[in-house]
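Student: Give me coordinates for this.
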Amino acid sequence: MANNTHDPMNAVDTPTPRRKPKPEVTEIGGRKMKPATLMMGHGYDPALSENSIKVPIFLTSTFVFENAAAGRRHFEEQTGMREGPKDGLVYSRFNGPNQEILEDRLAIWDGAEDALCFSSGMSAISVLILAACNSGDVIVHSGPLYAASEGFIAKVMARYGVTYIPFPAGASPEELDEVMKAAKAKAEEQGGEVPLIYLESPGNPTNALVDIQAVKEARDAHFDPARCPIAIDNTFLGPLWQRPLEHGADLVVYSLTKYVGGHSDLVAGGITGGKKWIDAIRAMRNTMGGIADPNTAWMLLRSLETVELRMQRASENAEKVCAFLKGHPKVEGLGYLGMIEDARQQDIYDRHCLGAGSTFSLFIKGGEPESYRFLDALKVAKLAVSLGGTETLASHPFSMTHISVPDERKKMLGITDNLVRVSIGIEDPDDLIADFDQALAAV
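Tutor: Model (predicted):
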């Protein structure tokens with residue numbers, strides 16, 4: 001037992017047993033277990049929940065403290081006044097059993113120290129940026145970004161005196177060096193800093209890749225890495241086909257709605273990374289809210305168990321569909337990572353990626369009318385935004401997800417009116433090929 005020296009009545013604070021046990025077995029026969037195995041029961045003890053093999057859903061707004069001193073300790077942990085693990089359950093805006101188990105398992109997939117879950121991908125991105133920035137600061141970001149991410153940086157943060165400098169996804173080391181110099185000069189002029197480098201790779205919707213290693217080298221040459229983290233939206237390839245923390249990123253952002261959730265039945269976001277950065281973001285989330293609800297967290301725990309199977313099947317399907325589409329007389333081009341034609345992009349892919357994924361851009365010969373005819377003719381694939389679900393989805397970013405991006409910037413980023421974004425699901429690949437064939441016949 002530990003005596004709580006902060007308590008004027010010298011109350012005894014007896015911490016409860018750790019609710020998030022680390023797995024005792026991490027190796028089998030001298031072989032380190034893979035995330036798919038390691039995370040399966042991680043962070044959960046069936047004995048604490050009537051021996052239920054699966055985590056129950058904890059629907060509660062608040063939690064009972066074992067004593068008053070423990071209540072103080074838990075609040076000190078959550079507010080950063082006490083160092084050490086934040087094991088206490090306080091209030092559901094801060095944490096909860098389902099959310100904490102989910103966060104532990106997300107961290108395993110990315111090889112991260114810690115993780116946070118959010119009510120949406122944009123909630124995660126917004127809280128991350130707000131936690132990083134002060135008035136006068138300059139954000140450096142790659143392009144293209146998801147339209148809402150770019151809009152939040154360009155429009156919302158501008159209201160608080162935060163500006164930005166973008167660079168194209170495939171920027172060379174020399175170009176990145178110039179970008180960092182320009183950002184540093186702009187920050188000094190505004191009396192601020194460069195507190196965040198924000199990447200999205202592959203970029204939405206073009207699939208353009210960012211050289212994370214080159215960005216890190218440029219960052220390290222111009223800024224203090226301890227004050228300027230690199231965050232990357234890894235939604236298109238993570239957590240299976242790209243592990244950005246191994247290549248120089250400090251934080252990884254997800255729309256968990258997509259591949260991690262994987263069934264088009266929930267909306268959520270996540271961030272993984274170093275504890276130092278996660279603690280700062282957690283403090284902002286505690287204030288603003290935005291944590292995933294218990295039911296959503298529970299559903300994500302279910303989905304994580306099959307994420308590898310789903311992503312592998314969808315990737316195999318995409319490879320077959322793109323093999324059919326390549327060279328089709330009504331297809332102008334493909335933005336598919338398994339068929340890269342640019343040497344710089346191929347080099348980045350070879351160093352950073354473990355697979356091509358299953359979301360790609362399809363360029364229809366013609367423009368918006370031809371793209372619409374193709375989309376309207378689909379029978380198996382569904383005309384809907386989002387991606388990463390079990391079903392195949394197709395949409396028109398120019399007039400849908402990225403409609404708010406100015407036309408000139410869309411043109412510069414390669415978001416054209418003949419681009420169709422496709423997310424391949426886990427249906428039979430021959431059926432998908434037949435569907436795309438008949439839809440192209442309608443163009």
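Student: ok, which stretches of this structure are helices?
Tutor: With helices called from DSSP state H, the chain shows them at 35-38, 68-78, 97-110, 121-132, 147-151, 173-190, 212-222, 275-288, 294-304, 307-325, 343-352, 368-377, 407-413, 429-441.
Student: Name the nearest residue to the spatially most central residue of the chain, sequence neighbours excluded.
Tutor: Among the residues of the chain, Tyr254 comes closest to the average C-alpha position under C-alpha atoms, centre = their mean, at 1.4 Å. If the residues on either side of it in the chain are set aside, Tyr254 comes closest to Gly270, at 4.4 Å by C-beta to C-beta, 6 or more residues apart in numbering. All C-beta atoms are positioned from the backbone trio N, CA, C, and that covers glycine.
Student: Now do the contacts for the one you found.
Tutor: Contacts for Gly270 (C-beta atoms under 8 Å, 6 or more residues apart in numbering) come out as Glu103, Leu106, Ala115, Leu116, Cys117, Phe118, Ala124, Val253, Tyr254, Leu256, Val260.
Student: how close does it get to Tyr259?
Tutor: Distance, Gly270 to Tyr259, using C-beta to C-beta, to the nearest Å: 11 Å.
Student: re the thing from before, any idea which of the helices of the chain gets closest to Gly161?
Tutor: For the helices of the chain, the distance to Gly161 is smallest for helix 173-190, at 7.5 Å, taking C-beta to C-beta.
Student: Now tell me what touches the closest one from outside.
Tutor: The set of residues external to helix 173-190 that reach it, using C-beta under 8 Å, 6+ apart, is 136-138, 140, 161, 163, 165, 167-168, 171, 193-194, 211, 214-215, 217-219, 221-223.
Student: do that again at 10 Å, thanks
Tutor: Helix 173-190 has contacts (C-beta atoms under 10 Å, 6 or more residues apart in numbering) with 135-142, 161-168, 171-172, 192-195, 197, 210-211, 213-223, 228.
Student: For the buried ones among the residues you listed, write the corresponding ChimeraX selection.
Tutor: Typed into ChimeraX, the line below selects the buried ones among the contacts of helix 173-190, using 16 or more other C-beta atoms under 10 Å:
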select :136,137,138,139,140,141,142,162,163,164,165,166,167,168,171,192,193,194,195,197,210,211,213,214,215,216,217,218,219,222,223,228
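Student: Keep only those of the contacts of helix 173-190 that are in strands.
Tutor: Counting by DSSP state E, the part of the contacts of helix 173-190 found in strands is Val138, Ile139, Val140, His141, Ser142, Thr163, Tyr164, Ile165, Pro166, Phe167, Pro168, Ile197.
Student: with those in mind, which one is nearest to Asn317?
Tutor: For the ones in strands among the contacts of helix 173-190, the nearest to Asn317 is Ser142 (28.1 Å; C-beta to C-beta).
Student: Now do the same contact list for the residue nearest to Gly333 when sequence neighbours are not counted.
Tutor: Leaving out its chain neighbours, the residue that sits closest to Gly333 by C-beta to C-beta, 6+ apart is Phe363, at 4.2 Å. By C-beta under 10 Å, 6+ apart, the residues touching Phe363 are Leu325, Val331, Glu332, Gly333, Leu334, Gly335, Ser371, Gly414, Thr416, Asn418, Leu419, Val420.
Student: what about the closest residue to Asp417 other than its chain neighbours, how many residues close to it?
Tutor: The spatially closest residue to Asp417, leaving aside those adjacent along the chain, is Glu368, at 4.2 Å (C-beta to C-beta, 6+ apart). Glu368 sits with 15 neighbouring residues when counted by other C-beta atoms under 10 Å.
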